[in-house]
Every structure is written in structure tokens, then in C-alpha cells.
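1. Structure, please.
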Amino acid sequence: MVEKKGEKSNVGLIKLNRPKALNALNKALMSELGQALQELSDDKNIGCIVLTGGDRAFAGLYGIDTLGGGCEVAMMCDIIYAGENAQFGQPEITLGTIPGAGGTQRLCKAIGKSKAMEMILTANRMNAKDAESAGLVSKVFPVDQTVNEAIKTAEKISEFSKVTVAMCKEAVNACK
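-> Residues are numbered from 1 along each chain as shown. From the prediction side, this is the model:
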């Protein structure tokens, strides 16, 4: 589901919408997500995009639960806000595979090698507060306020020059 939000309608809101499957990632959902991101990126009025999931789950890797692929998609975002009941994990090892989509590298960069190794090799979960303390999550909010807080931040970012925002993102993404 795609909407424009904010006082100036300059924030794109994408809500993953496969509630029966807890927003499990599959080829169709990822394709639709890519299309929505492209459309909003092409809209000259949109300065920032918020990606959210459903009431019960952000996103999951098909066949696991609300972790795995959802954690990887979240780590692709520039800023992660979490509801206080959020759980993060990389349970792919339980299926005999490794986290995909750059999950291993992004997790290591976000929380450090030791914590990343522990999460990936044990399939242990991290709650929202621990994820915030570890640096995986920027802020934690009550569940019913998370999306609105993300939209507020997105509105603030949208007020700045798109060129300057892009340069800032490129510079930060280049850090090791």
C-alpha cells in the first residue's frame, strides 16, 4: 500500500500488506516493493520514504517468522525506528542457509562482529531496546506511535535539499 503523507504530502509511505502471511517476503512482494520505491523516488515532491509493515509483523522470510528477511530489509533502510515490542534476528541458520541480501555485512556493520556472529550463528533474537543499545535501531517508540514518529522525521528530512541529503547519505554509507 502506497500513500503520500505529511503536511506537504512530501513523504512516501509504503506499507507491506500480506497480513495472513505476516508480510513474508516473496518474489511478488519484493517486486511490488521495488516498483513502489521507484515510483516514489521519481516523484519530485517526495523527499523521504517510510517503509512499514503490519500490526503484527514488519516482514519475514517465507517459512520462518517475522524475522530473517524482514531484518535484512530493515537494515537496507537509512534509519530504523522500532516499536517497543519489535524483535530482530537472523534465523536462517535453522534452515541450513545464511542470511541473504547483505544481511551478514549490514548486521556486522551495525552492531559489530561479535554480536552479529552470536545472532547469526545461534539464531538468537534481539528485542527493540537491546537493538537500540547495540546501534541497530535509532529509536524505540510505543507501537502506536512508531509510524507517526517516522513520518515526522521524514518530513524534517524532506525539507532539506535532495542533493544535499543524497550527498550526506553517500558519505555516511561510505564509512566502514
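
2. For stretch 1-20, C-alpha coordinates in CSV please.
-> The C-alpha coordinates for stretch 1-20 follow below in CSV (Å, rounded to 0.1, in the frame of the first residue of the first chain):
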residue,chain,number,x,y,z
MET,A,1,0.0,0.0,0.0
VAL,A,2,1.4,3.4,-1.0
GLU,A,3,0.4,6.8,0.3
LYS,A,4,1.7,10.3,0.5
LYS,A,5,1.9,11.7,4.0
GLY,A,6,2.9,14.9,5.8
GLU,A,7,1.5,18.4,5.7
LYS,A,8,3.1,19.0,2.3
SER,A,9,2.5,15.4,1.0
ASN,A,10,6.2,15.1,0.6
VAL,A,11,6.7,11.8,2.5
GLY,A,12,6.0,8.5,0.8
LEU,A,13,4.6,5.8,3.0
ILE,A,14,4.9,2.2,1.9
LYS,A,15,3.1,-0.4,4.0
LEU,A,16,3.8,-4.1,3.3
ASN,A,17,0.4,-5.8,3.1
ARG,A,18,0.4,-9.6,3.3
PRO,A,19,-1.2,-9.9,6.7
LYS,A,20,-2.2,-13.6,6.5
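
3. and the longest helix for the chain?
-> helix 27-42 (DSSP state H).

4. who's in contact with the residue of the chain positioned farthest from its centre?
-> Within the chain, residue 96 marks the point farthest from the mean C-alpha position, 24.2 Å out by Cα atoms, centre = their mean. By Cβ atoms under 8 Å, 6 or more residues apart in numbering, the contact list for residue 96 is empty. The way it works is simple: take the backbone N, C-alpha and C, and place the C-beta from them, glycine included.

5. So which bits of the following helix or strand past the longest helix of the chain are buried?
-> Where DSSP states H and E defines the elements, the next helix or strand beyond helix 27-42 is strand 48-52. Neighbour counts using 16 or more other Cβ atoms under 10 Å place 48-52 of strand 48-52 among the buried residues.

6. Identify the residues contacting strand 48-52?
-> For strand 48-52, using Cβ under 8 Å, 6+ apart, the contacting residues are 5, 10-16, 33, 37, 40-41, 58, 73, 77, 146-147, 150-151, 153-155, 157-158, 165.
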